[in-house]
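J.: The sequence and its predicted three-dimensional model are supplied below.
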Amino acid sequence: MRKYTAIKIISFFFIIQILPLQIFAQFFDHPSKILDSANLIITYKMSWKQDTNNLEYIRQENMILLVGKKISMFMSYNFYKFNLIGRKAEREGQLDEFLHGTERGNFKTRFTYKIYKNYPAGRITYADKVMPAFLQYDENLNTFKWQLTNLIDTIGDYVAHCAYTDYGGRHWIAWYATDIPLNDGPYKFRGLPGLIIKLYDDQKHYVFDMVSMERSDKAMLIEYMDMGWVQTTRPEFLKAQKNFRLDIINRAKEAGVDNEGQQRAVRSMTKRNNPIEF
């Protein structure tokens, strides 16, 4: 298997993004632990405005919530599929071909985080890469303090009730369906008497719409990859993310990227100035 150093990964993915999926080759070098299995798969369409200087430009990506008996996992659908197919390719001795073939282009994503809601432990675990480290932090499962309202609407086939909460520097509006008695939702959100089927902040910079919910006869594994995670706190994680964005030129130089590539990196990062959490 071809080796990928941290420097190469930086230049491939975070900086010039010429080969945006090769960063994940290293994921297959680490063991995984099966935490649970899911028969319920919920798909959300996430729409977001990444650039506060160009709010007319809206990006979209599908995210999935895998619901197990004790644990749920939320992540990018493309990232999930990439991991499944990549691990299959690795087992068959074809990982290098997969990473350098055309199929990998079907799984582009801007989001590599995984969010685990561990109900028995009462804990939310957020895990992601902030180069050069793999970082994770925990939060209390009951982080969200909801204000229930009497507002009712029909969303798709469901009667939905409205609730508000403040989190991550944003004021959030959630619509949940009591007909779906599932205490979960997109991203980190949960804690309502029904599944959250629509969620958005009051400026609609981030919007999650449930587009499907299906039960599978074949269980989908909820896995935890042992990436040598560094345990941190949420404030320290957000600080690391901010520092990476601010230090993109130096990161590019360290990666050996030429001046033109450095400027492309700066332009790209400048347009990503609106994270979901502050």
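T.: It's in. Residues are numbered from 1 along each chain as shown.

J.: Show me which helix or strand of this structure is least confident by mean pLDDT.
T.: None of the helices or strands of the chain scores lower by mean pLDDT, DSSP states H and E than helix 6-9, at a mean of 38.

J.: Tell me which stretches of the protein form strands.
T.: For the chain, applying DSSP state E gives strands covering 32-48, 59-68, 71-76, 114-118, 123-130, 133-140, 147-155, 158-167, 170-177, 195-201, 206-225, 230-231.

J.: Output the below-cut-off pLDDT ranges for the stretch 151-278 of the chain.
T.: Within the stretch 151-278 of the chain, the stretches with pLDDT under 70 are 251, 254-255.

J.: Show the contacting residues for residue 45.
T.: By CB atoms under 8 Å, 6 or more residues apart in numbering, the contact set of residue 45 is 60-63, 208-209, 211. The C-beta positions use only the backbone N, C-alpha and C, and glycine is treated the same way.

J.: That one bridge partners, please.
T.: residue 62, residue 209 (DSSP bridges).

J.: Could you pull out the buried residues of stretch 230-248?
T.: 232, 237-238, 240, 244, 248 (16 or more other CB atoms under 10 Å).

J.: Any chance of CSV for these, columns distance to residue 53?
T.: Below are the buried residues of stretch 230-248 laid out as CSV (distance: CB to CB, whole Å):
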residue, distance to residue 53
232, 30
237, 25
238, 21
240, 24
244, 20
248, 17
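
J.: Can you get me a residue count around residue 175?
T.: Neighbour count of residue 175, defined by other CB atoms under 10 Å: 26.

J.: Beta-bridge partners for it, please?
T.: For residue 175, the beta-bridge partners are residue 162, residue 198 (DSSP bridges).

J.: Just confirm it contacts residue 192, I think it does.
T.: No - Residue 175 lies out of contact with residue 192 (CB atoms under 8 Å); the separation is 9.4 Å.

J.: Spatially nearest residue to residue 32 (excluding sequence neighbours)?
T.: Spatially, and ignoring its direct neighbours in sequence, residue 32 is nearest to residue 223 (4.4 Å; CB to CB, 6 or more residues apart in numbering).

J.: show me what contacts the closest residue to residue 81 other than its chain neighbours?
T.: Spatial nearest neighbour of residue 81, chain neighbours left out: residue 107 (5.6 Å); criterion: CB to CB, 6+ apart. Going by CB under 8 Å, 6+ apart, residue 107 touches 21, 78-79, 81-82, 85.
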